[in-house]
Every structure is written in structure tokens, then in C-alpha cells.
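**Q** dropping the sequence and predicted coords here.
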Amino acid sequence: VKAALRGGGPVLKAVFDTPFRARAAMATLEEYGSIADPDASLLAGQRNVEVEAEDVQVRSRRVRGTLLLVIGAASALVGMSSMTRLTDASTTNGAGRSAGASFDADSSISGKVDTLNPYLELTCTNEYGSTKGRDFFYPFLRGRDDPSEAILVEPYRATTVTIDDPCNDCDYSWRLLDKTGYDVSEYSVGSLNDDSEITLTINATGVHTLEVKELKPNTGKMDYRRFRNFTTYVKYVRREVRELTVEDRESFVHAASTMWKVSTVEGRKRHGFGDRYYDIHYLAIIHNDLAGGFECDFVHGTTGYAFVNAHSAMNLMVEQSIQTIDPRLSLPYWDYSYDKWKYANEETFGDEMPNEDDLMLMDIWESDIFSADFFGSNDFDAGLIADGAWAGYEVPLMTEELVKSSGVDTIEWGKFKSMSLGSCYGQKPGVCEGSYGNLTLDAQAHVANSFGYLRSPWNMNAEAPLIRSNKMCGHANSLQFPDCNAIIANQEDYTDFADYVLNLQDSPHGTVHIFTGGAFGKCTDTYSDLRTTLNNDTIYYKIVEKVSDIGKDMWQSGYLECPDPASCVGKSQDDCTCSCTSTLETYDEVSEMSSAYEILHDSSMWSQYATTVSLTDDEQARLSKDDMLALLDAMCNTDILFGDMATSNSPLDILFFSTHNEVERIFQRKMLSSTMKTRTWPATEDLCPGQKPNWKNLWFDFTFDDETTDSTSLTNEEFLNLLDPTSVEHVHNMNYVYNSFNWTHCNAYNVGSLVTDYTTTMDPEDWMWKA
């Protein structure tokens, strides 16, 4: 090898065996078809990512030479090669800037070098355009004392790195150092390229150092004009789904839909995806257990402090599962408030829809999001996904086989094979003390509905197909959808994490689930009659907006009872129904008593109902005893069937993940502002255990850049710290960033009487490093 290099022969390319997971995923993956037709081609459009040879590859675009660097897999050869550790502390100062970046003119070099920037600066370019470190609004990039000393490179993507103002006649030397400071280029090539532009591909996330030196022309000797060590962050970039290139969008759809078609066990054993791969049923079972259990909601609700944690973790698991199939991909977000602005209310920038007669919200279904190229268009007559990669998907039965094939049986060495994740097993002492002390090792089985499907117990849908309904109990589902006002109010009105996150799960997010899920069934006729009975559209539409909450809250509060899971398998929809535990006849019998109204109004059932619907005292005062009885009767004796996005099995709809990715982007923007004054997790004792700061999510299973961080051991409080983009731990652990924190369609918006022009939902100057 040395002889070949000394002789000026061809550049040596070190070829290493790729880990079996990547090799098998990219080379031997069998093609699958649509869900309805498994034999048709599913992954025909999958990009062939070449990972056979190197982890880091640097190629010059000029003819003078080619530089090939190997990182990651090549590290195994450290012992076989003479490695040089970067030990000369005098070469850089504490901020990473070259201490020797002096500026000394030399008449032997043509051009006026004194017009050059005294410090080298770089621009990175890939298929998404050109960026500098300062283009990413994070403390470790935009917020640095000198943003020009850092760059961001996306893994598995060829990135052209260019010196901004090169000396006309100078040569340049490039070295890439790994996180330990080892120069990994010397054993790969015999000489370094002297070009001012290279193409860099790094197939591993983390922090590296790119060393650039400006040399005397044609000598290869350092002239101490300019040199600099650039902190190089290798992280995935999450983009809005409509901003993806056609190639990346098609690859994402193919890779993501694989999770709906190939089980965890099959993906790992047959296709070699590796242990980072999980199918969608793993995440759906977990979310259904945590949000659909009888005791309490572990991830939402009036004390839903774990809302951001749990859903960001699910996003990360989906992202890393997709990357086992195509390692170039990241999880895109869906900026859904843009669709409200574009399709429903362009002129007034998000004013509330006044009533059902204003159907502009229904035009949101015309968005590209709901097309075959993205997440599938809808057959509204049937409530089904009509085309695209998810067409024909059916909700599975909640069986032992599903638990096994999804990998849920591997959590805690099989402890959750037949037990809900809504259990206190494996938690620290004291986590489950208080009102929830009965969540012991004898917790309930995995959550399912009465017909045995992986659905909420209060969703009595007896059919398997995944549902997206544009109806809400007979009405066009046109009452609510997040807009600029909801997002901006969430950003501006809260300074405490606890209050902020509770609001974040509501109008800036929750109404997406309601709009894309919908409700149907016998409630169509029942609610039509109810509107006539109430003769008050203000209260009526308030109730319609809360239909999904009514079913869940009344069931979890014990007032609504549904048949046991799977007890109705084989029965028809009409032969298996829910009912109330308190009979309404009790109240009807006292109708002649002067205190009848007070008895009903003061009952615990009515109190829970009114709280769920958020009826004010004034609104309740407008209701007669008969009105209240009619409302409770509609709730008790009418099974409302819900679209799957509107209930606890919502991860079964692909919309779930890009929606929650947008939620995390909103959350990060808030944390990056100077307005979040209190970031601590509430320590209230009487909380659902999953909402406590020291709760551990044993189902977490994803990797970090810091290999010593174990996802399964993280408490809620610890994981929140990792999600916080202002924390030191964030930059060293989380391997992704968002491309933008702009909501430019909100340039003009109104919050009450205030009208302001911003280029983002918050003041452009409102960043924590400027506070």
C-alpha cells in the first residue's frame, strides 16, 4: 500500500464490511406491495444507498486529487495504522478558532491577500441548497460567539464544502478528525488534496473536526496565512414534508409504509434491518395502553406533562426504524397551520369557524398531504384511505401473536407479554404511591376494544379498516383545526413549562386528531335530535366539538361501561353496546319534585360531563332538567364510532407522526426563546404515574450520539432535558435538528385586537442567546 501511494498510483479506497443490518437492508430487501396486495412492488422506488465501503468519504471536485476519508467502520483499523492524535493544544483556542489564524501578506502570492477575510469560512451545499452554521437556530450553531466556526453536515448525503473567499493561487489542506481527536485520513490516502472545495460524505452522526489550512502555492508548506478547525456537527435535518425532494419523499413513503407491512420480527430476522427496527404495531400497542387504560392517561390529559416526552420518543423510534431501511432519511414534519391558512381562511388568517354552515375547513382535505403521493386521499363515503401506500390498511386484532411479532414481548425480558404498559412494574419506589397505588404487577392486559381490535375500549367500531371520517356525528367535521392564532397564543401566553405543555396538547395540536379522525355511527341521528331538543346552537356545537373527549372521559371516570375486550368477537355492531352505570330513570323519577333539577345538576355524573365539555355556569343555567337528561342519554345509549386518529390507537395512522413532529418543532421554538422562565417538571404527588418526573418509560428503545446514554433508564425529567435544545446534553445526544422555526404564512395574524407583523410566530429577535 505504501509503495503504491509513494509511486503516485491510483488513490487507495479502503473497503470494509458493512454491518449486516445496513448491507441486508440495502442489498437484499425483498420488495413488498401495497397493504391490500403484498405481492405488488412496495420498495421499487427505494434509493440504493451505497454503504458498502466507507463511513466517511471526501472527494475533490477538481482533477488535482481525490481525498477519501474513512470514519466509523474504519476505526477498527486504528491498531493497524499509525494514527496521529491531535495533541497540540496551541493550535486552537477554547472556542475552536485557530489560534494561529494569523494574516501575513506575501508578495509571492498573486492577488491582494489583505482583502481576504482574516478567518476562513465555509459554505455547505447539498440537494437542499447552501447553508452555513448560522442558518440553524440552535445555541451550538447560530448562538455561538462566532457562528462561522461551525458547520452542519447531514449524514449519508454528499455535501460540497467550499471556502468562501479562497486565495487565487493558494493550495489547501483538509483533515477530518473524529470525536476523539484522531486523524483518520492518513491511512486512507497518501496525500491531501489542495483544492478549495471538497465533497464530504459522513455516514455517522456526532461531532467531528474539519481542519483546513491555506498553503503556499505549489509547495505544500504552511504559510501561516489562514487555518482553522471547524466544529462539524453531523446531524439529520427534519424538513416539512412538502419541502422534500421528490426522491426523498418517495423514499420516505416507501420506507415508512414498510413499518405497516413488515413486522418487527420479520424485519429483523428476514430482512436484516437490525435491532433499531420496530413495526408500527409496537408503538400503537404502547400508545393504546398508556392513553386508553382505565386507571388514567399516562401521556395526555389535565395533567399531561409527559405529552411532549412520549410523542417525541415515538417520533424518534419511527425515524430510526426508517433509517434502518434508508439511512439518508429523517422524519418530516407537517406544518398543518399552513393548510388552515391556505385552504380554509386565507384572508382572515385563522379566525374561528363560527358554525357548521361555514365549511371552508373541509377544503383542507384538498391539500397535497391528502394525496397518493403523500399520506393518501380519502374515500369519504366509506371513511377509508383511498390510495397511496397506506390504502387498504386494517387495524389488527389485539392478540398474543401481535404482541410477539411486534416485539412488545421483548420489553423487560418479556414482562409485558400479557400486561399493559400502564403498569408500575420496574418503576422507582414511590412513583405509584397515592391514588394509583393499585397499578401493581397485576395491571390489566393490553388495551383493546370489545370486538378485539387494537382500539380504544370506548370506540365500539366492529370493522377492521382504518377510518378517516370527515363527519362528526352527521355534521361536516368543520368546527376546529389549528391555526396561527392557536400556535402564537401558545408561544406567547405561557412562561411555565407545566402550563405551556398542557396547552400545547390542546388547540395547537389536538384538533388535528379530531379533524382527521371524525365520528360516525348511530350518533348521526341522535345528535340531530339533540340539536332540536337543546334549541341552543352555541351549547350544541360546543358539545359536538367534545364528542371524542366525552366518550373517553366518561369511560375512564367509570360512568360509561363497555363490554370486556374481545368479548364481542363474532357479534354484529348492534349486538354489543356500551351503557351507563347510573340509570337515568333515577333522575326521571324525581321529575315532579321541586329539587329535581338540583339533584341532577349536583350529581357526580353530570359534573364530570359538564367538566369534559367545559360548560360554564351560565351555559349550565340555560339547560333544563330535560336538556341535561337528553345530553346524558345521548352519551349513555348511543355508541359513537370514532375515526382512528381521534382515539388512543392513533399511531396506526401515518398522519400521527408528522403531526407530532410539528408539535416538537413548536416546543423547540418555545424552549429556544427567552420566554420560558420555568423549565422544571411539576412534582405534584397525586398524578397519573406516567406524568411524574421520575417515571421511566421502559419501552423507550433508541440510540443517542452519546453511546453511554441508555434510553430505557431515562426518567421523564431526564428525557425532557435531552429534548431541550438549550441544554448541553442535547447537542451531544440528539442527532437531528429542524431546518426552520419560521411559520411565514403567519406574517400577519391577529390575537384579540393585536395585529402584528412577524416573519415567525415569535419575535425574530426572541432567542435565548440574545436575552
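**A** Happy to help now that I have it. Residues are numbered from 1 along each chain as shown.
**Q** what comes up buried for stretch 465-483?
**A** Within stretch 465-483, the residues that qualify as buried are 466-475, 477-483, counting by 16 or more other Cβ atoms under 10 Å. Just so you know, the C-beta spots here come from the backbone N, C-alpha and C atoms, and that holds for glycine as well.
**Q** quote the end-to-end distance of that stretch.
**A** For stretch 465-483, the first and last residues are 30 Å from each other (Cα to Cα, to the nearest Å).
**Q** and that stretch, average pLDDT?
**A** If you average the pLDDT over stretch 465-483, you get 92.
**Q** quick one: least confident helix or strand in this structure?
**A** The helix or strand of the chain with the poorest confidence is strand 84-85; it has a mean of 32 (mean pLDDT, DSSP states H and E).
**Q** isn't residue 460 up against residue 641?
**A** Yes: here residue 460 reaches residue 641: they are 6.3 Å apart, a contact under Cβ atoms under 8 Å.
**Q** what sits in contact with each of those two?
**A** Common neighbours of residue 460 and residue 641 are listed as residue 521 (criterion: Cβ atoms under 8 Å, 6 or more residues apart in numbering).
**Q** what distance do you get for residue 712 to residue 549?
**A** 32 Å (Cβ to Cβ, to the nearest Å).
**Q** if you could redo that for residue 217, that was the one I meant.
**A** Relative to residue 549, and taking Cβ to Cβ, residue 217 is found at 72 Å.
**Q** next one: residue 698
**A** To residue 549, residue 698 is 28 Å away according to Cβ to Cβ.
**Q** of the two, who's got more company?
**A** With neighbours defined as other Cβ atoms under 10 Å, residue 698 and residue 549 compare such that residue 698 has more, 19 against 16.
**Q** all helices of the stretch 501-650 of the chain, in order?
**A** Ranges of helices in the stretch 501-650 of the chain, per DSSP state H, counting those that start in this stretch, are 510-517, 523-534, 537-545, 547-556, 585-588, 596-601, 604-613, 617-621, 625-637.
**Q** go through those and name the closest to residue 666.
**A** Smallest distance to residue 666 across those (Cβ to Cβ): 12.1 Å, for helix 510-517.
**Q** what distance separates that closest one from the centre of its chain?
**A** Offset of helix 510-517 from its chain centre (Cα atoms, centre = their mean, to the nearest Å): 17 Å.
**Q** buried residues of it, list them for me.
**A** 510-517.
**Q** distance of residue 203 from residue 367?
**A** Taking Cβ to Cβ, one finds residue 203 at 35 Å from residue 367.
**Q** what about the residue lying closest to residue 678 once chain neighbours are set aside, how many residues nearby?
**A** Closest residue to residue 678 apart from its sequence neighbours, by Cβ to Cβ, 6 or more residues apart in numbering: residue 496 at 4.4 Å. Residues lying near residue 496 (other Cβ under 10 Å) number 14.
**Q** residue 138: helix or strand, and which one exactly?
**A** Residue 138 is part of no helix or strand when elements are defined by DSSP states H and E.
**Q** all further residue positions should be reported with the first residue as 155.
**A** Let's use 155 as the start, then, which means that last one is residue 292.
**Q** ok, it touching residue 879?
**A** Yes: between residue 292 and residue 879 there is a contact under Cβ under 8 Å: 5.7 Å.
**Q** which residues do the two both contact?
**A** Here residue 292 and residue 879 have residue 826 as joint contacts, going by Cβ under 8 Å, 6+ apart.
**Q** more neighbours: which of the two?
**A** Between residue 292 and residue 879, counting by other Cβ under 10 Å, residue 292 is the more crowded of the two (24 against 21).
**Q** what are the ranges of the strands in the stretch 455-604 of the chain?
**A** When assigned using DSSP state E, counting those that start in this stretch, the strands of the stretch 455-604 of the chain occupy the ranges 532-533, 538-539.
**Q** which residues touch the last one?
**A** Residues from elsewhere that reach strand 538-539, judged by Cβ under 8 Å, 6+ apart: 529-533, 545-547, 619-622.
**Q** flag the shaky bits of the stretch 455-604 of the chain, pLDDT-wise.
**A** 499-512, 588-597 (pLDDT under 70).
**Q** how about stretch 648-660: buried residues?
**A** Those buried within stretch 648-660 under the rule 16+ other Cβ under 10 Å are 648, 651-652, 654-659.
**Q** give me the mean pLDDT for it.
**A** Model confidence over stretch 648-660, given as mean pLDDT, is 94.
**Q** now find how far off-centre it is within its chain.
**A** Taking Cα atoms, centre = their mean, one finds stretch 648-660 lying 18 Å from the centre of the chain it belongs to.
**Q** and the contacts of it?
**A** Under Cβ under 8 Å, 6+ apart, the answer for stretch 648-660 is 454, 456-459, 461-462, 644, 647, 817, 820-821, 824, 829-836.
**Q** and if you look at stretch 767-779?
**A** Stretch 767-779 is touched from outside by 688, 690, 692-693, 696-697, 700, 703-704, 741, 745, 750-751, 754-755, 764, 785, with contacts defined as Cβ under 8 Å, 6+ apart.
**Q** what about that stretch, start to end distance?
**A** With Cα to Cα as the measure, the ends of stretch 767-779 fall 17 Å from one another.
**Q** can you say which of the contacts of stretch 767-779 are buried?
**A** Buried among those (16+ other Cβ under 10 Å): 688, 693, 696-697, 700, 703-704, 741, 751, 754-755, 764, 785.
**Q** and those residues, which is closest to residue 407?
**A** Using Cβ to Cβ, residue 703 comes nearest to residue 407 of the buried ones among the contacts of stretch 767-779, at 32.1 Å.
**Q** for the closest one, give me its contacts.
**A** Applying Cβ under 8 Å, 6+ apart, the residues near residue 703 are 766-767.
**Q** one more: residue 372?
**A** residue 325.
**Q** pretty sure it sits in a strand.
**A** No: the assignment for residue 372, made by DSSP: H, G, I helix; E, B strand; the rest coil, is coil rather than a strand.
**Q** ok, it to residue 760 distance?
**A** Using Cβ to Cβ, one gets 89 Å for the distance from residue 372 to residue 760.
**Q** wait, which of the contacts of strand 538-539 is closest to residue 303?
**A** residue 529 (40.4 Å).
**Q** returning to that earlier point: quick check: next helix or strand after the least confident helix or strand of the chain?
**A** Sequence order places strand 276-280 as the next helix or strand after strand 238-239, per DSSP H and E.
**Q** what residues sit buried inside that next one?
**A** For strand 276-280, by 16+ other Cβ under 10 Å, it's 276-278, 280.
**Q** list the contacts of that strand.
**A** Outside strand 276-280, the residues that touch it by Cβ under 8 Å, 6+ apart are 284-286, 302, 305-308, 311-318, 364, 366, 384.
**Q** give the burial count for residue 404, as a bare number.
**A** Residue 404 has 17 nearby residues by other Cβ under 10 Å.
**Q** residue 729 now?
**A** 9.
**Q** how about it, nearest residue that isn't a chain neighbour?
**A** Spatial nearest neighbour of residue 729, chain neighbours left out: residue 722 (7.2 Å); criterion: Cβ to Cβ, 6+ apart.
**Q** just residue 291 next, same as before
**A** Here the residue nearest residue 291, using Cβ to Cβ, 6+ apart, is residue 895, at 5.5 Å.
**Q** surely that neighbour is in contact with residue 821?
**A** No: here residue 895 lies out of contact with residue 821, judged by Cβ under 8 Å, at a distance of 10.9 Å.
**Q** more neighbours, the two?
**A** Remark: of residue 895 and residue 821, residue 821 carries more neighbours, 25 against 20, as counted by other Cβ under 10 Å.
**Q** mind telling me what element that one is part of?
**A** Per DSSP H and E, residue 821 falls inside helix 809-826.
**Q** could you tell me the angle between that helix and helix 664-671?
**A** Computed by axes from the mean of the first three to the mean of the last three Cα atoms, to 10 degrees, the angle separating helix 809-826 from helix 664-671 equals 170 degrees.
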